[in-house]
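> fold the stuff below for me.
(chains A and B)
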Amino acid sequence: MTFWRRLRSWSQATLHRSSLENDMDAELRFHVDAFAEDLVRSGMTRQEAMRRARLEFGGIERAKEECRDARGANLLGALAQDLRYGLRMLGKNPGSAAAVVLALALGIGLNTTVFSFVNALLLRPPTRVAAPDKLLQLWLRNRGTSGIEAYLPLTYPDYVYYRDHNQSFTGMLAFDGDPESVIWNRSGEGQVVEGQLVSGNFFSLLGVKASLGRTFLPEDDQPGNPQPVVVLGHSFWQQRLDSDSQIVGKSLLLNGTSFSVIGVAPVGFAGLLVGIEPDFWAPVTMAVQILHDSGRLTNRQGYWLFAVARLKPGVDALRAGSEMNLLALLIEQEHPDTNKNLGASLFPATLVPGPYRGYVSAFTGLLMAVFGLVLVIACVNAASLLLARATGRAREMAIRSALGAGRGRLIRQMLVESTLLSGLAGCLGLALAYWTAPLLLALKPASLPITLKVPLDWRVLLFTSFVSLLTGIVFGLAPALRSVRVQVAPILKDEAQSASYRKSRLRSSLVIGEIATCMVLLVGAALCVRSLLNANSIDPGFDTRHVAVATLDPGSVGYPEAKVRGFYEQLLRHISALPVVSSASFVNHLPLGTAREQSAVIEGDHSASGQNGLSVDVLRVAPGYFETMGISLLSGRDFIPRESQTPGGASGGVAIINDAMARKLWLDQYPVGRRITLGENTGLEIIGVVKTGKYRTLGEEPIPLVYLPWLAGRRTLVVRTSGDPRFLLDTIRREIQAVDASVAATDLETIEQYMALPLFPARTIGLLLGVSGFLALVLTGIGLFGVISYMVSQRTHEIGVRMALGASQQAVLKLVVGHGLRMASIGLALGLAATFGLTRFLSSFLYGIQPSDPATLLGVSVGLTLIASLACYIPARRAMSVDPMVALRYE
Amino acid sequence: MDKQLDLLQGTLDMLILKAISLGPLHGYGILLRIQQISKDRLEIQQGSLYPALYRLEHQGWIASEWGESENKRKAKYYRLTAAGKRRLQAETENWNSMADVIAGILGTKPEEI
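Residues are numbered from 1 along each chain as shown, chains lettered A, B, ... in the order given. Predicted coordinates:
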């Protein structure tokens, strides 16, 4: 209650200033008059009475001012005054103000950028979706394993069961977690589009209305009678179909099936998965036509559907979760062979699927920490600069306090100035983030089919304002508190010089902290950059320069096997005939990508089931693959075309293995001619051994691998050229068109572009840490320079005396540089200790280098010392040139 | 006349509340009443009276309205609010117990320890 009364009183005082003034005047005049009248009554003359009354009342103006203060009427006015004054002070010293603002803007801007990614990935709910907080994601959880491996999406039969048997949800939808690249036959020419299969209730359950036509109905999604209909994505409709307003009712030829368009999704709607903006949505029961995989809807072991459900009113996530667990047990009883140990877990429906959120937050958390450190350094610099100015302004503060300014008023003045600086920096930082966010997105390899929107929405604005305000208060507080602790009398008597040593101690400790922080950042940056160099120089086991690659899948258009085979044979003939091409071949998928095939190998030709074999990776290649990729054949021979025919019988096949596997199975014995059993293929004869490469990640230990000669419909074409493969890409595209216009390559790129994907994490971290390390170095250098220059200017008198007494220039140099280096070495020692604790978190991003790599630590220490020496040397030169006479006369 | 006492810090508010609790008064009236009750033994800075009044009003313990003085002049009258009554009571109790404690301490004789 009293709070509101005070607010009313304050707002009246502020808004109705003139009536307050009139009231106050009238009231005080009445008092004086009444007092005077009483005095007259006791026998005084009127004139004398008035004089006495005024005298006894004291300062009328002062009383009024105190009255205004009591009502809070002065608050806004004083704030405006502080602001005006602060701006004037900044204008007086524009250079240093600009330096502070710029440094802070970099720190705030980088943090805003990272936060805008955190926001885009983790905080922003799916756009255009009604009441997203009521949506939950359902995942299967394998009780046998732990970590992220334990979570599986749903199979279609599982989805149907959960959808039809739950009591907790108003509905449950499902969508394809890994959108399909589909070939759109656009009047004879194949184009690649991204499609997402969704359940019939997808749009209605999310509350998304079509901007044109209609969305799916449950009837479109009947398993027995699926309708070949699609809803188009808004930007696809806009960009690829020129916003054709007559599109509804027309049809598109997708992977060989004609789909009729029933509607266009609203602008901005991109489904429920981060980074993916499908060009079209089709009913999930059309999986057979889109994927040419007839078992997709009945397979109880193909986990591909992400399920999202909307809670009924009054049901909470906890109750829904226990119901899902109950349903999981029921399915387990019904299908013990496939659903053994498969429980169910619910997560909030966010754009990054629940089980993966931990990874994304760890990654972005690391970035936030790194850029947080840069901001801390910028803050320390700003604080240190303001401290210097506060000392310079001691006289001003003393005068103001002598004139009656309270402690609070002085602190407020200083804080207003510092938040003014940080506020300016925040605006600049926001602009910086606006430019750097797209720049960061450009780091992403082109082959990653991700379209991420990183908007600067209200959450980002709130974050930036908060960080700016906090920054201003943090770096302004120490100088502010210091400035009000001035002793008025000695300063006004011009005895300020003597106190300088104690004052610079705070600044020294700030700089020491700055050097320590900088050390941590630099070591992190140096480690990452060196690891990046290592990763670039890691031999992946194949040529990363002279190869062009293209992924093809003519089977997706609906071609039968013989036609697919014919297409590939013809394509290979065309490509090999090109003059710049030295060889060409196929592989089922490239190493170091996302796809992987694994199997178990047993030595010999018996299919002894139950025996635990050696776990190996499998690649399927056509003849000439090793030559094309530059993989050296250590012994034996390559496949020949005859061996690429699909294996007719159960035995008689051939295989090529890598060196790592040969050593694992037979140590130093000659492997060629021996036989192995790989899964269902018994008695495979080893015809060759090739050099071991990298297959899953660049940092891996040697993995045993078997090459088989049989390929399916989906293949990657590899082409070796003597020249630059970039010039080959268009030719390859044309040749594919020439062979069959309705087939299109999904990933057509050079092997160098392809390698951007496995190198992506190391590159990103390396670049970001490199940038932040560089910034930290520059800021720390400036900070050290500032402190030493200030020290020199404060000790000019002392240095003059020393020189007058015979100190050499060298001694002065030693004095100044020694002071700086002392701070630097303390900072380095602290930084080293912190480094040991912190760089452990980096180890999973590092290739071929230990977090405690001594050369890196030494190098960074030496480099930082050199920078520190330079930062000290320049002011030291000024100290050396001090003229004793001038310095002494100055007093 | 007895020697005048300086006002203890923080007690002016309490005295104002007490003075008004006996009936609405204007500023000058409050001054007179305090002097009258204290039999002129308290010295009050006239200039400090008004900031205190404004502060008390801001805190909601007293309320003011314009009225007419004894000699037909416009004057601002202050009266106690409900919150002010509670405040006065609390402050009085607080003061009394404080005074007891202090008096007890100051009145202690060596043999009592």
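
> leaving out sequence neighbours, find the closest residue to A:Leu375.
A:Gly107 (3.4 Å; CB to CB, 6 or more residues apart in numbering or on different chains). From N, CA and C alone the C-beta is placed, and that goes for glycine too.

> oh, I was asking about A:Leu846
Excluding the flanking residues, the one nearest A:Leu846 by CB to CB, 6+ apart is A:Ser531, at 4.3 Å.

> so which bits of the strand or helix carrying the one you found are buried?
Using DSSP states H and E, A:Ser531 sits in helix A:500-537. Residues A:500, A:503-504, A:507-508, A:510-532, A:534-535 are the ones in helix A:500-537 that count as buried (16 or more other CB atoms under 10 Å in any protein chain shown).

> list the helices and strands that helix packs on?
helix A:357-392, helix A:458-484, helix A:756-794, helix A:809-838, helix A:854-880 (3 or more CB pairs under 8 Å, 6 or more residues apart in numbering or on different chains; DSSP states H and E).

> now the fourth one: mean pLDDT?
Confidence for helix A:809-838, expressed as mean pLDDT, is 87.

> tell me the buried residues in it?
Of the residues in helix A:809-838, A:812-813, A:815-817, A:819-821, A:823-824, A:826-828, A:830-832, A:835, A:838 count as buried by neighbour count, 16+ other CB under 10 Å.

> where's A:Val129, which helix or strand?
Using DSSP H and E, A:Val129 sits in no helix or strand.

> got a list of what it touches?
Neighbouring residues of A:Val129 by CB atoms under 8 Å, 6 or more residues apart in numbering or on different chains: A:135, A:206-208, A:269, A:272.

> contact residues of chain B facing chain A?
By CB under 8 Å from any CB of the partner chain, the residues of chain B that approach chain A are B:26-28, B:31, B:45-48, B:50-52, B:54-55, B:57-60, B:69, B:71, B:73-76, B:83.

> the residues you listed in strands, which ones?
If you go by DSSP state E, those have B:26, B:74-76 in strands.

> still on that earlier bit, how far out from the middle of the chain is the helix holding A:Ser531?
Here helix A:500-537 is found 22 Å from its chain centre; the criterion is CA atoms, centre = their mean, to the nearest Å.

> need the CA coordinates for the helix or strand that it is followed by. CSV is fine.
Remark: after helix A:500-537, the chain's next helix or strand is strand A:547-552, criterion DSSP H and E. The C-alpha trace of strand A:547-552 is given here as CSV (Å, rounded to 0.1, in the frame of the first residue of the first chain):
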residue,chain,number,x,y,z
VAL,A,547,38.7,-35.3,-57.0
ALA,A,548,35.1,-34.2,-57.7
VAL,A,549,32.2,-36.1,-56.1
ALA,A,550,28.5,-36.3,-56.9
THR,A,551,25.8,-38.3,-55.0
LEU,A,552,23.2,-39.9,-57.2
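
> so what does strand A:547-552 touch, helix or strand wise?
With contacts taken as 3+ CB pairs under 8 Å, 6+ apart, strand A:547-552 sits against strand A:715-721, helix A:729-739, strand A:748-750, helix A:751-754.

> and those as TSV, adding mean neighbour count, distance to A:Leu678 and mean pLDDT?
Output for the helices and strands packed on strand A:547-552, formatted as TSV (neighbours: other CB atoms under 10 Å in any protein chain shown; distance: least, CB to CB, whole Å; pLDDT from 0 to 100):
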stretch	mean neighbour count	distance to A:Leu678	mean pLDDT
strand A:715-721	24	20	92
helix A:729-739	17	32	90
strand A:748-750	21	31	88
helix A:751-754	19	27	86
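
> find the residue at the geometric middle of chain B.
Nearest to the mean C-alpha position of chain B, by CA atoms, centre = their mean, lies B:Leu15 at 0.9 Å.

> give me the nearest residue to it, chain neighbours excluded.
Nearest one to B:Leu15, counting by CB to CB, 6+ apart, is B:Ile34 at 5.3 Å.

> number of nearby residues for the one you found?
20 (other CB atoms under 10 Å in any protein chain shown).

> for A:Ser599, helix, strand, or coil?
Assigned with DSSP: H, G, I helix; E, B strand; the rest coil, A:Ser599 falls in the strand class.

> what comes up buried for stretch A:48-58?
Along stretch A:48-58, these residues count as buried under the neighbour rule (16+ other CB under 10 Å): A:49-50, A:53, A:57.

> quick one: is it near chain B?
Yes. Counting by CB under 8 Å from any CB, contacts between stretch A:48-58 and chain B involve A:56-58.

> and chain A, what are its domains?
Chain A breaks down by automatic domain parsing into domains covering A:2-72, A:132-350, A:360-536+A:759-889, A:547-754.

> relative to B:Ala90, which of these is closest?
Comparing the domains of chain A against B:Ala90 with CB to CB, the closest turns out to be domain A:2-72 (13.8 Å).

> hmm, who's touching the lengthiest helix in chain B?
Longest helix of chain B, by residue count under DSSP state H: helix B:82-106. Residues from elsewhere that reach helix B:82-106 (CB under 8 Å, 6+ apart): A:1-2, B:11, B:13-14, B:17-18, B:20-21, B:56, B:60-62, B:80.

> apply 10 Å and report the result again.
With CB atoms under 10 Å, 6 or more residues apart in numbering or on different chains as the test, helix B:82-106 has contacts from A:1-2, A:5, B:8, B:10-11, B:13-14, B:16-18, B:20-21, B:56-57, B:59-63, B:78, B:80-81.

> if you count neighbours, what's buried in stretch A:882-891?
For stretch A:882-891, the neighbour count (16+ other CB under 10 Å) marks A:882, A:887 as buried.

> number of residues surrounding the residue lying closest to A:Val100 once chain neighbours are set aside?
Counting by CB to CB, 6+ apart, A:Ala382 is the residue found nearest to A:Val100 once chain neighbours are left out, at 4.5 Å. Using other CB under 10 Å as the criterion, A:Ala382 is surrounded by 30 other residues.

> do the same with A:Val862
A:Val862: 11 neighbours (other CB under 10 Å).

> contacts only, for the residue of the stretch 451-600 of chain A found nearest chain B.
Residue of the stretch 451-600 of chain A nearest chain B, by CB to the nearest CB: A:Val484 (22.1 Å). Residues near A:Val484 by CB under 10 Å, 6+ apart: A:390, A:397, A:400-401, A:405-411, A:413-414.

> swap in A:Arg128?
By CB under 10 Å, 6+ apart, the residues touching A:Arg128 are A:206-209, A:234, A:265-271.

> and the nearest residue to it once chain neighbours are set aside, how many neighbours?
Nearest non-adjacent residue to A:Arg128, counting by CB to CB, 6+ apart: A:Phe269, 4.1 Å away. Using other CB under 10 Å, A:Phe269 has 23 neighbouring residues.

> tell me the SS of A:Phe269?
Here A:Phe269 is recorded as coil under three-state DSSP.

> hang on, it packs against A:Glu277?
Yes. Assessed by CB atoms under 10 Å, A:Phe269 is found in contact with A:Glu277 at 9.1 Å.
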